[in-house]
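Peer 1: need coordinates for the following:
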Amino acid sequence: MGEPLLRALNRMRDHLLDPDALVKAVASGRQKGSRPTWRRAELRYVDLKAGRHLQVTTYDETQAHTANHALAPSDGQSAARDAVDTLLDEPFANWHVDTTTQTHQLRVTKKLEAVVHTTDRAEPVEVERGHDRDKSRLLPEDDPVFVALGISDESGRLKPSRQAKYRQVEEFLRLLDSSVTDALDKGHLRRPTVEEPLRIADLGCGNAYLTFAAERFLSGVRGLPVRLTGVDVKEQSREHNATIAERLGVGARQGVSFVVGTIGAVELDPAPEVVLALHACDTATDEALAQAVSWGAQLVLAAPCCHHDIAAQLRRSPTPSPYAMITRHGILRERLADTLTDALRASLMRQQGYRVDVVQFVESQHTPRNTMLRAVRAGAPVKGGSVRKEYDDLVDTWGISPALARLLDAH
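Peer 2: This next block holds a predicted model:
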């Protein structure tokens, strides 16, 4: 049931202006017929030398802008209160407000009414108020999931040898957070309930670092009911991951399960709505994308690993003019193969009705495999037009046959 928008926003205002209880708030989307000044806004409280401030980070199309607003009134005015009121006046379509005890989801309907869902946390959470953005983590180092995975020691301290893995997990969660939020805001993903949790599959999960982190963040921090299945070809991985799940209290009955199977042949019923495939080697990424399409997944996050298939085809095929000077050098030919492979994957997913972004999800100093394809189902498959022509021209020019195309044809 909807309610007057102003009344619902006033309730959210009370949470936003509570410097002790607010964990984080995110505003996004746009109301019908309007466009807010910012694409997204994030709010949290930070402790500075001058005292506690409200930190507001706003995002335009290209960059983020951060400002800290004092709580203490100055000449009768509170900068924090003014900043909150300014953002509440913006025509955002969605507000996600996390407090230490509850999670609030406010959605603005086409009739400009508010629909609010409030979920109580199982137990209160502690808030990190540090102002150093590099230390502001979606999951802290001492979270039980990192201890169980061996990323942090038994005292909750990050192991020096696992810093790169921790950074990778953190950046993945940031991308997952923004992708899920955007998909929910735009209606590409349904809003999950306890009775019908969001179904997620991690294909080629290995030791399930990202599987467990995703479950912990989405359910424990975001308060979203999720049902997550990890798939790997090794029975040893299934046994190892199931043991950790039970240790964390998130086993099959609580929402996390693991199955043995190949990416291309695994059967999941009901089909997942979100598909993850992180560093699946070579054409295993193509198998994951093809499976996601066959399941009708609404959101796909795939970070490719090696790109041997197209690289081998380039070595066998004559190089079209005038690109011989590139393929003459092995290292440049390999980089070209990487770029061609992911460009063709993006094009093929677009043809299947997905909106696709190719983004960097972690800095190159942490891992050279830092490209991610983010695909959101946004419409029906595209049979022809410029998208298909661009694809045909590229494969014809280079004389290559992408694995994903073959797999999609086989489904």
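
Peer 1: contacts and neighbour counts: CA atoms only from here.
Peer 2: Will do.

Peer 1: just the CA atoms of stretch 169-182, as CSV, please.
Peer 2: Taking C-alpha atoms only, stretch 169-182 is exported to CSV below (Å, rounded to 0.1, in the frame of the first residue of the first chain):
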residue,chain,number,x,y,z
VAL,A,169,36.7,-9.1,-2.5
GLU,A,170,36.0,-5.5,-1.3
GLU,A,171,36.0,-4.1,-4.8
PHE,A,172,33.8,-6.9,-6.0
LEU,A,173,31.3,-6.2,-3.3
ARG,A,174,31.2,-2.5,-4.2
LEU,A,175,30.4,-3.4,-7.8
LEU,A,176,27.8,-6.0,-6.7
ASP,A,177,26.2,-3.4,-4.3
SER,A,178,25.8,-0.8,-7.0
SER,A,179,24.7,-3.3,-9.7
VAL,A,180,22.0,-4.8,-7.5
THR,A,181,20.8,-1.4,-6.3
ASP,A,182,20.6,-0.1,-9.8
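
Peer 1: what comes up buried for that stretch?
Peer 2: Counting neighbours by 16 or more other Cα atoms under 10 Å, one finds that the buried residues in stretch 169-182 are 169-173, 175-177, 179-182.

Peer 1: what's the answer for stretch 394-401, then?
Peer 2: Buried residues in stretch 394-401, defined by neighbour count with 16+ other Cα under 10 Å: 398, 400.

Peer 1: distance of residue 375 relative to residue 211?
Peer 2: Using Cα to Cα, to the nearest Å, residue 375 is found at 19 Å from residue 211.

Peer 1: now do residue 138
Peer 2: Separation of residue 138 from residue 211 (Cα to Cα): 15 Å.

Peer 1: one more: residue 299?
Peer 2: From residue 299 over to residue 211 the distance is 16 Å, taken as Cα to Cα.

Peer 1: want to try CSV for the buried residues of stretch 169-182, with distance to residue 44 and secondary structure as columns?
Peer 2: Listed next are those as CSV, based on distance: Cα to Cα, whole Å; DSSP: H, G, I helix; E, B strand; the rest coil:
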residue, distance to residue 44, secondary structure
169, 22, helix
170, 18, helix
171, 19, helix
172, 21, helix
173, 18, helix
175, 19, helix
176, 19, helix
177, 16, helix
179, 20, helix
180, 20, helix
181, 17, helix
182, 19, helix
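
Peer 1: give me the packing partners of whichever strand or helix holds residue 290, helices and strands only.
Peer 2: Assessed by DSSP states H and E, residue 290 sits inside helix 283-295. When contacts are defined as 3 or more Cα pairs under 8 Å, 6 or more residues apart in numbering; DSSP states H and E, helix 283-295 sits against strand 274-278, strand 299-303, helix 403-410.

Peer 1: ok, 10 Å please
Peer 2: The contact analysis (3 or more Cα pairs under 10 Å, 6 or more residues apart in numbering; DSSP states H and E) places helix 283-295 against strand 198-203, strand 274-278, strand 299-303, helix 308-316, helix 330-351, strand 371-377, helix 403-410.

Peer 1: same question for it: list its buried residues.
Peer 2: Of all the residues in helix 283-295, those buried under the rule 16+ other Cα under 10 Å are 283-293, 295.

Peer 1: quick one, strands of the stretch 51-200 of the chain?
Peer 2: Using DSSP state E, counting those that start in this stretch, the strands of the stretch 51-200 of the chain run over 51-59, 64-70, 94-99, 102-108, 113-120, 198-203.
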